[in-house]
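Engineer: fold the following for me, if possible:
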Amino acid sequence: MKSYIVDAFTDTLFKGNPAAVCVLDEWLSDSLMQNIAKENNLSETAFVVPNGNHYKLRWFTPDGEIDLCGHATLATAFVITRFVDTTLLKVIFETKSGILTVDKTDNLFEMDLPSYKMQSVKVTDEMEDAIGYRPKEAWIGRDLVCVLESEEEVFNAKPNLEKVKKLDGLTLNITAKGSDYDCVTRSFAPKLNVSEDPVCGSCHCHVIPIWSKATGKKSFVAFQASERTGVLYCEMDGNRVKISGEAILYSISEILLFESM
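Structural biologist: Next up, the predicted model:
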């Protein structure tokens with residue numbers, strides 16, 4: 001079985017967010033896909049199966065399946081358009097979050113993703129204890145988003161991951177207005193056995209609606225301020241978020257499942 005590792009939301013190796021993409025003829029068992037994701041030990045491993053003109057897509061973290069992953073969707077579109085069907089300029093995925101499309105224009109891949117309905121929640125001492133800074137605002141969708149006073153706080157934060165596990169939301173995202181970018185964000189997912197997600201597409205389906213409401217803007221250049229860093233070009237479109245980025249191939253390998261079983 002072919003497996004590709006792609007750095008998403010970057011044009012430079014060892015930056016952006018690495019995702020593994022496994023191209024299948026038919027689904028493996030859930031337990032086997034979970035074991036492969038755990039063995040890869042990346043924030044996400046994507047599994048893709050052709051279905052007519054569409055592709056069925058699922059995402060697994062080392063600790064479980066999730067309903068939406070932006071960077072692994074971008075990585076999968078990159079693999080399909082480069083290695084599976086080089087004539088494609090639009091890839092249509094069937095996922096647990098509905099139909100997702102990715103349009104390829106030169107080196108950019110634009111994903112059309114659902115935004116999360118964000119609800120304002122009270123800022124708590126527990127949030128401050130977990131992050132190390134007291135948020136100005138807090139919002140909840142699938143993930144918790146805490147808006148900090150400055151980008152310096154986002155850059156310098158050293159969250160206590162055990163305390164982060166006790167907060168509401170699947171993932172903790174901290175964000176602030178940027179100086180060189182419209183916003184800067186970091187994402188932490190210890191509940192999924194991922195300390196810090198290098199670049200998170202689905203978190204921007206939480207963050208961008210908040211910044212759009214706060215500023216009245218629709219288009220944003222977003223910076224993920226992880227150690228690897230990444231840049232996302234985002235646009236609010238009704239209840240959807242269009243997120244574009246580049247990708248670069250790191251490796252191609254063969255998973256020898258059936259020779260070793």
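
Engineer: list the buried residues in the lengthiest helix in the chain.
Structural biologist: Selection of the longest helix in the chain by residue count, based on DSSP state H, yields helix 201-215. Using 16 or more other C-beta atoms under 10 Å as the test for burial, helix 201-215 gives 201-212. C-beta: built from backbone N, CA, C; applies to glycine.

Engineer: of these, closest to Ala75?
Structural biologist: Gly201 (10.0 Å; C-beta to C-beta).

Engineer: next one, pLDDT for the closest one please.
Structural biologist: Gly201 is assigned 95 on the pLDDT scale.

Engineer: and Leu167, by the same measure?
Structural biologist: pLDDT, Leu167: 98.

Engineer: correct me, but it touches Met127?
Structural biologist: Yes. Look at Leu167 against Met127 with C-beta atoms under 8 Å: they come within range, at 6.5 Å.

Engineer: low-confidence ranges, the stretch 151-261 of the chain, go.
Structural biologist: For the stretch 151-261 of the chain, the stretches with pLDDT under 70 are 258-261.

Engineer: tell me where it has helices.
Structural biologist: 151-156, 161-164, 201-215, 257-260 (DSSP state H, counting those that start in this stretch).

Engineer: picking that back up, what is in contact with Leu167 and Met127 at once?
Structural biologist: Leu144 (C-beta atoms under 8 Å, 6 or more residues apart in numbering).

Engineer: ok, Asn239 - contacts?
Structural biologist: Residues counted as contacts of Asn239 (C-beta under 8 Å, 6+ apart) are 114-115.

Engineer: try 6 Å
Structural biologist: Ser115 (C-beta atoms under 6 Å, 6 or more residues apart in numbering).

Engineer: for it, give its distance to Met118.
Structural biologist: 11 Å (C-beta to C-beta, to the nearest Å).

Engineer: which one is Gly132 nearest to, not counting chain neighbours?
Structural biologist: Ala157 (5.5 Å; C-beta to C-beta, 6 or more residues apart in numbering).

Engineer: and what of Thr73?
Structural biologist: Looking at Thr73 with C-beta to C-beta, 6+ apart, the closest residue is Met111, at 5.7 Å.

Engineer: isn't that neighbour right up against Ser244?
Structural biologist: No. At 7.3 Å, Met111 does not count as touching Ser244 under the criterion of C-beta atoms under 6 Å.

Engineer: neighbour count: those two, which is higher?
Structural biologist: Comparing Met111 with Ser244 by other C-beta atoms under 10 Å, the one with more neighbours is Met111, at 25 against 18.

Engineer: any idea what that one is bridged to?
Structural biologist: Val102, Ile243 (DSSP bridges).

Engineer: what sits against it?
Structural biologist: Going by C-beta under 6 Å, 6+ apart, Met111 touches 73, 102, 243.

Engineer: who wins for most neighbours among those residues?
Structural biologist: Going by other C-beta under 10 Å, Thr73 tops these with 31 neighbours.

Engineer: any idea which helix or strand carries that one?
Structural biologist: If you go by DSSP states H and E, Thr73 is part of helix 70-79.

Engineer: render the CA-only coordinates of the longest helix of the chain in PDB, please.
Structural biologist: Taking only C-alpha atoms (Å, rounded to 0.1, in the frame of the first residue of the first chain), the coordinates of helix 201-215 have been written out as PDB:
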ATOM      1  CA  GLY A 201      -6.800  23.900   8.900                       C
ATOM      2  CA  SER A 202      -9.900  22.900  11.000                       C
ATOM      3  CA  CYS A 203      -8.900  25.300  13.800                       C
ATOM      4  CA  HIS A 204      -9.100  28.100  11.300                       C
ATOM      5  CA  CYS A 205     -12.700  27.000  10.600                       C
ATOM      6  CA  HIS A 206     -13.100  28.200  14.300                       C
ATOM      7  CA  VAL A 207     -10.700  31.100  14.300                       C
ATOM      8  CA  ILE A 208     -11.600  32.900  11.100                       C
ATOM      9  CA  PRO A 209     -15.400  33.200  11.900                       C
ATOM     10  CA  ILE A 210     -14.400  34.900  15.100                       C
ATOM     11  CA  TRP A 211     -12.000  37.400  13.400                       C
ATOM     12  CA  SER A 212     -14.500  38.000  10.600                       C
ATOM     13  CA  LYS A 213     -17.100  38.900  13.200                       C
ATOM     14  CA  ALA A 214     -14.700  41.100  15.100                       C
ATOM     15  CA  THR A 215     -13.300  43.000  12.100                       C
END
